[in-house]
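A.B. asks: prediction below, plus the sequence it came from.
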Amino acid sequence: MPKTVAEIARETGFSATTVRLIANGQAGKYRISEATAKIVEEQIRRYGFVVNHAARSLKLKRTDTIGLVVPELSNAFFARLMSGLEELCRGSGLVLLTSSTNENPDLEDRAIRSLWARGVDGLIVAPCRTPDYGRLFAKNAKMPIVAVDRAYPDSRYPSVVSDNVEAGLTLTRAVLATGAPLTAFFCGQPELPTIAGRIRGFAAACQEAGVADWKELILRTAENSVGAGRTLMGQLLERGRPPASFVCSSLMVLEGATQRLKERIGRIPPETVMGTFDDQESLDFLPNRVFSARQNERELASLAFAQLKELLSGRISPPEQTIVSFQLVRRGGARCEPAAGAGL
């Protein structure tokens, strides 16, 4: 079994500090004799070496762990965001602890309090309401926190978000440019900052194109889920014919909408044009023209991680919002390729 610093020190007769310096390759810097280094290194080679993280954390007052709190890990966007953060943490010798909230404020509070109790050094949170986490910690406790994906007005935490307004504008323009009459915009959780921004972009594109009844095209529901998409498409089909073109606020809403469309009329009409936020390769299996606004999860993860490291280093700066661009992608029945003017 690998041995700890204390065990090697006891067995070799040297101090724990000497053993630790040799194990970290700093014998020469601190003028430790070659004979001493040879004895300790031989012991390490023979048995291996482990760090007592509990003792190290107490001494350094840090645990080298980061907490990530997101609404739903089954959401492809949040899964890719988590993957990007895990890679960044590994490269910095940190461990990422993840929790999901199912868009429930009480579960969010519980997750954050639990991660704080476990001693995480900082948190990255995709909040489901205006974030105010100081009340969850002990008096005078300081927890570095960065918000990701959702920037609420008056938040006191720095945030890293996608440019949802510009994405909504560009995606809606692409759908309108096909010439298919725009029938609906299916929106799950319109009160979220992300969805509200996408609605503003949708409205701007409609007004630009002279779509006078754009407000009537927006169908809303309180959930962002497959079930929400099914419900909204059902409401639309009750009004009349299948949609010529429609936009969905997320992939999950799109999935539910296409399910209900197929159930009600027996197929997905290949002439129907679709637009959605977020992207995945399986959209290429649809025979339809599909436009997706793809978020840059790696850039979001990288910038949120950099912001958190700044806070962990003790450099305090006023809350600021960092905005990351989308990419418009054309899918459906063909290989993935950026649409004309795709860079946002």
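C.D. replies: Yep, it's here. Numbering: from 1, shown residues only.

A.B. asks: now Ile323, what's its secondary structure?
C.D. replies: For Ile323, the assignment made with DSSP: H, G, I helix; E, B strand; the rest coil gives strand.

A.B. asks: next one: the residue nearest to it when sequence neighbours are not counted from Thr322, what distance?
C.D. replies: Ranked by Cβ to Cβ, 6 or more residues apart in numbering and with sequence neighbours excluded, the top spatial neighbour of Ile323 is Asp163, at 5.0 Å. Where C-beta positions appear, they are placed from N, C-alpha and C, glycine not excepted. In this view, Asp163 and Thr322 are 11 Å apart by Cβ to Cβ, to the nearest Å.

A.B. asks: sorry, back to before: surely the residue nearest to Ile323 and Ser325 touch.
C.D. replies: Yes - using Cβ atoms under 8 Å, Asp163 and Ser325 qualify as a contacting pair, with a distance of 5.4 Å.

A.B. asks: among these two, which residue is more densely surrounded?
C.D. replies: Asp163 (19 against 14; other Cβ atoms under 10 Å).

A.B. asks: residues contacting the more buried one?
C.D. replies: Neighbour list for Asp163: Gly197, Ile323, Val324, Ser325, Phe326, Leu344 [criterion: Cβ atoms under 8 Å, 6 or more residues apart in numbering].

A.B. asks: out of those residues, give me the one that has the most neighbours.
C.D. replies: Of all the contacts of Asp163, Phe326 has the most neighbours under the rule other Cβ under 10 Å, reaching 24 neighbours.

A.B. asks: which of the helices or strands spans the residue lying closest to it once chain neighbours are set aside?
C.D. replies: What sits nearest to Phe326 in space, not counting adjacent residues and going by Cβ to Cβ, 6+ apart, is Ala167, at 4.0 Å. For Ala167, the host element (DSSP states H and E) is helix 164-177.

A.B. asks: just checking, Arg260 touches Leu237?
C.D. replies: Yes - here Arg260 lies in contact with Leu237, judged by Cβ under 8 Å, at a distance of 7.3 Å.

A.B. asks: more neighbours: those two, which one.
C.D. replies: Looking at Arg260 and Leu237 with other Cβ under 10 Å, you find the greater number of neighbours at Arg260, namely 21 against 16.

A.B. asks: residue contacts, the residue lying closest to Arg173 once chain neighbours are set aside?
C.D. replies: In space, Arg173 comes closest to Ala205 once its chain neighbours are excluded; the distance is 4.9 Å by Cβ to Cβ, 6+ apart. The neighbours of Ala205, taking Cβ under 8 Å, 6+ apart as the test, are Gly168, Leu169, Thr170, Thr172, Arg173, Leu176.

A.B. asks: and the residues you listed as TSV, adding distance to Gly119 and neighbour count?
C.D. replies: Compiled in TSV, these are given as follows (distance: Cβ to Cβ, whole Å; neighbours: other Cβ atoms under 10 Å):
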residue	distance to Gly119	neighbour count
Gly168	40	29
Leu169	44	23
Thr170	43	24
Thr172	46	28
Arg173	48	21
Leu176	52	21
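
A.B. asks: now for these, which pair is the farthest apart?
C.D. replies: Pairwise distances across the contacts of Ala205 (Cβ to Cβ) peak at 12.2 Å, for the pair Gly168 and Leu176.

A.B. asks: show me where pLDDT drops low in the chain?
C.D. replies: For the chain, residues meeting the criterion pLDDT under 70 lie at 1, 49-62, 140, 316-318, 333-344.

A.B. asks: go with 50
C.D. replies: Within the chain, the stretches falling below the threshold (pLDDT under 50) are 54, 57-58, 60, 334-338, 340-342.

A.B. asks: per-domain residue ranges of it.
C.D. replies: 5-51, 63-163+297-325, 164-295+328-343 (automatic domain parsing).

A.B. asks: C-alpha coordinates for stretch 94-108, CSV please?
C.D. replies: Taking only C-alpha atoms (Å, rounded to 0.1, in the frame of the first residue of the first chain), the coordinates of stretch 94-108 have been written out as CSV:
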residue,chain,number,x,y,z
LEU,A,94,-8.8,20.3,-9.1
VAL,A,95,-11.9,18.1,-8.6
LEU,A,96,-15.3,19.1,-9.9
LEU,A,97,-18.4,18.2,-7.8
THR,A,98,-21.7,18.5,-9.6
SER,A,99,-25.3,18.8,-8.5
SER,A,100,-28.6,19.4,-10.3
THR,A,101,-31.7,21.3,-9.1
ASN,A,102,-34.5,20.4,-11.6
GLU,A,103,-35.2,24.2,-11.7
ASN,A,104,-36.3,24.1,-8.1
PRO,A,105,-35.1,27.0,-6.0
ASP,A,106,-35.3,25.0,-2.8
LEU,A,107,-33.2,22.2,-4.3
GLU,A,108,-30.7,24.8,-5.6
